[in-house]
Structure formats: C-alpha cells, structure tokens
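Chemist: structure, please.
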Amino acid sequence: MMIQCWRSCVIAGILLLANGALAQPPQEVLPPAQEDIIQLQPGRSRTFRFDKPVRSIRTPDENMVEITPKDETTFVFKGLGTGETVVTARGEDGKVIHEMRVVVAVGNVVKVYGLSEEPDFVGFTCDQSGCGHGESGAPKPSSTTVRKPLRGGGFIERNYQ
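Modeler: So this is what the prediction gives:
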C-alpha cells in the first residue's frame, strides 16, 4: 500500500513537471485601443485630465514624451522625439487607471496666403488632432516700407516702424 501511494505521488510530480515543460511561449501584450491614442508634435504640449487622482504616470521611453503634473488629475504631455510609446497612469492603490499610446510625429505644413499684415504666408503644422501655432513664411523686419504706385507714374512710399 505504501509503495502504491509513493508511486502515485511520483507520477503526479512527473505530470506537473511535464505540464510546466510544455508551457506556451509568451504572448505579445497589445497596445491600448485605437481610441486611446494621444497625438503630439515635437516641441508642442497638450494638457490632459484623468477622472481619478494619479499617483504615478510612467513611460518606458522618456526621450519621446515629457509628462509634467499640474495637479493630481491634470498632466501636460510634451512631445520630445518622434516615435510611439505607451504611457501608464496608476492610482493611489497602485492599480492601472488608464493606459494610452502616445504618438509623436511631425505633422504636415499647411500654408495660408493672403492674411493681412503678412508679407508672404503663415505656415501651420497640422496633424490628425489639429494645427499648431502659425509661423510667418518671411522674416519680420523691424520696419516696413510700403510703396503704392500712382496712375501718372511714380509711387507713394510709407515707412512703418
């Protein structure tokens, strides 16, 4: 009887070890859903508010996005380098409150011509989330000279400083 019990324990141990040896390979952890994507441009900032207080907010790639707290629920995300990373926000209990993908990419330049007080164009850097501040296409001089032609020839010149 004792040998029978010992034999059953050995067989059970072998089966447990064999089951561990046949373990599945690791599976990839998928990034958050498509609606949990934050789009940033390098050098631009956006502010986000969470529903619950956040104790810690981390990303594995700190050279891509800078995250600055304003208070316990509001954070400023600033794009540093281009690429994609995952940001995880944890609450007071250490549990994940929210996980999101952050994509930092250079947007497309949209040029708007014909704006008043602009000698050439104003360029806006735009992506899927919107457009950044406009930047003039021509350097702004410290003074401006405007020449208006006259019908009989010649011109009137005005200097603005």
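Chemist: for the residue lying closest to residue 74 once chain neighbours are set aside, give me its contacts.
Modeler: Closest residue to residue 74 apart from its sequence neighbours, by C-beta to C-beta, 6 or more residues apart in numbering: residue 49 at 4.8 Å. Placement of C-beta: from N, CA and C, glycine included. Residues in contact with residue 49 (C-beta atoms under 8 Å, 6 or more residues apart in numbering) are 73, 74, 75.
Chemist: ok, 10 Å please
Modeler: In this structure, residue 49 makes contact with 70, 71, 73, 74, 75, judged by C-beta atoms under 10 Å, 6 or more residues apart in numbering.
Chemist: next, count neighbours for the third one.
Modeler: Residue 73: 15 surrounding residues under other C-beta atoms under 10 Å.
Chemist: check the first one too.
Modeler: By other C-beta under 10 Å, 11 other residues sit near residue 70.
Chemist: just residue 41 next, same as before
Modeler: For residue 41, the neighbour count with other C-beta under 10 Å is 22.
Chemist: what segments of this structure are strands?
Modeler: Defined through DSSP state E, the strands belonging to the chain, from first to last, are 37-40, 45-49, 56-58, 65-69, 74-79, 83-90, 96-104, 108-113, 121-127, 130-131, 135-136, 144-149, 155-160.
Chemist: quick one: closest of these to residue 25.
Modeler: Distances from residue 25 to each of these were compared using C-beta to C-beta; the minimum, 21.6 Å, belongs to strand 83-90.
Chemist: that closest one - contacts with which helices or strands?
Modeler: strand 56-58, strand 65-69, strand 74-79, strand 96-104 (3 or more C-beta pairs under 10 Å, 6 or more residues apart in numbering; DSSP states H and E).
Chemist: okay, those strands in CSV with mean neighbour count, mean pLDDT and distance to residue 86 next?
Modeler: Written out in CSV, the entries for the helices and strands packed on strand 83-90 read as follows (neighbours: other C-beta atoms under 10 Å; pLDDT from 0 to 100; distance: least, C-beta to C-beta, whole Å):
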stretch, mean neighbour count, mean pLDDT, distance to residue 86
strand 56-58, 14, 92, 9
strand 65-69, 15, 92, 10
strand 74-79, 18, 92, 13
strand 96-104, 18, 89, 6
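Chemist: outline the domain layout of this structure.
Modeler: The chain breaks down into these domains under automatic domain parsing: 34-104, 108-160.
Chemist: tell me which of the ones you listed is the most buried.
Modeler: Here the criterion is mean neighbour count by mean count of other C-beta atoms under 10 Å, and of those the winner is domain 34-104, at a mean of 15.
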